[in-house]
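J.: below: sequence and its predicted model.
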Amino acid sequence: MQKESEMEKNDHRGIWVFLEEFEGKPKQVGAELLGQARRLADEIGQEVAAVIIAHDADEALEMARRYGADRAYVIEGECYRHFTADPYAEAFSYLCEKYQPEIILVGATANGRELASHVAVKLEAGLTADCTALYIDPETAVMQWERPAFGGNLYARISANTHPQMGTVRPGAMPLPEPTPHQNMKVVREDFVPQQVRVQVKDFIKDATDNGISLQDAEVIVSGGRGMKGPENFAMLEELAALLGGTVGCSRSVVEEGWLPASKQVGQTGSSVSPRIYFACGISGAVQHVAGMDHSDAIVAINQDPHAPIFDVADYCIVGDVFEVVPALIEELSKK
């Protein structure tokens, strides 16, 4: 006789990915998660579905097609122009209750974390936060969500016995997949008007620092470690980043010293990033830091110690004084 939990489990099908937008543009983490969803779905023989809740879903639908979603669930409306937890969570929960997904993947952005936690409470589902790797049992479709624990010194693998299985995944923790267009993707549109809208967002004021480029969106990141010797010396890293159209990051030790805010930290306990070029300036290369940037296309390391661990993962190794090398780079780039 089939157990009740197994019967309930068989009612849930599909791996869903929430495609978060900002000002009409889908965030890259959505594409990263579509790639992971396809890998997991192929292991258990299920579909990949994109979930789009937005004022205008066109660009997110294009992302879903480009990265191989089998279907997309779409809810559009003026009340979804800017993210607020109440209407988004109501709409998402409505879709879940109607279509019964097996697994839900959400980017661990500020909005994604808030949305996932609200939906998990509404559905009485387990939620694993800030995952950096995803595994699945092909026989049972039970997820193993891997995330850092104890300050990044250990990794934990977590499974839940509730459905849907939910997890948030750090932006940049997964590689951006190659496009696999699905021109016959099925689009399911639903009309849903939320009952509770307690907060209305009127406008955004962008951060004036770093050209408004976040770590997750930056194509070039110039990071500094304890070898920068003080907060005043990050000015030259900011200058180099500006010349390259990028932003500044740092190691955990820099945050602990109070030289830069935690929002700039790269690593297991900070942000996971995957820029085209990552500069590691005066960074030794602790495993916790490397875990947050090893998906970068190219890593340039500058360190006086020829035996620094950072050189083991770097594509370009410069053994030298960061206070000589970086000004020389700035001077050369300023000529162009």
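T.: That came in fine, so what should we check first?
J.: surely residue 65 is in a helix?
T.: Yes. Under DSSP: H, G, I helix; E, B strand; the rest coil, residue 65 falls within a helix.
J.: that one: how many residues sit nearby?
T.: 19 (other CB atoms under 10 Å). The C-beta positions use only the backbone N, C-alpha and C, and glycine is treated the same way.
J.: how about it: what's its closest non-neighbour residue?
T.: Using CB to CB, 6 or more residues apart in numbering and skipping the chain neighbours, the partner closest in space to residue 65 is residue 185 (5.1 Å).
J.: isn't that neighbour right up against residue 67?
T.: No. Between residue 185 and residue 67 there is no contact under CB atoms under 8 Å: 10.2 Å.
J.: the more surrounded of those two?
T.: Between residue 185 and residue 67, counting by other CB under 10 Å, residue 67 is the more crowded of the two (26 against 18).
J.: next, the contact list for the more buried one, please.
T.: If a contact means CB atoms under 8 Å, 6 or more residues apart in numbering, then residue 67 has 31, 34-35, 38, 177, 179-180 as its contacts.
J.: can I get those residues in CSV with secondary structure?
T.: Formatted as CSV, the contacts of residue 67 follow (three-state DSSP):
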residue, secondary structure
31, helix
34, helix
35, helix
38, helix
177, coil
179, coil
180, coil
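J.: filter those residues down to the buried ones and hand me the PyMOL line.
T.: To isolate the buried members of the contacts of residue 67 in PyMOL, using 16 or more other CB atoms under 10 Å:
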select buried, resi 31+34+35+38+177
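J.: and the strands in the stretch 51-200 of the chain, which stretches?
T.: 71-76, 103-107, 127-131, 133-136, 143-149, 154-158, 165-169, 186-189 (DSSP state E, counting those that start in this stretch).
J.: tell me how the chain divides into domains.
T.: 4-189, 209-334 (automatic domain parsing).
J.: do you know which of these lies nearest residue 202?
T.: domain 4-189 (8.3 Å; CB to CB).
J.: helices along the stretch 1-150 of the chain, start to end?
T.: 4-10, 28-44, 58-66, 85-99, 110-123 (DSSP state H, counting those that start in this stretch).
J.: any idea of the angle the longest one forms with strand 165-169?
T.: In this case it means helix 28-44. 140 degrees (axes from the mean of the first three to the mean of the last three CA atoms, to 10 degrees).
J.: tell me what helix 28-44 is packed against?
T.: Under the contact definition 3 or more CB pairs under 8 Å, 6 or more residues apart in numbering; DSSP states H and E, helix 28-44 sits against strand 15-18, strand 48-54, helix 58-66, strand 103-107, strand 133-136, strand 165-169.
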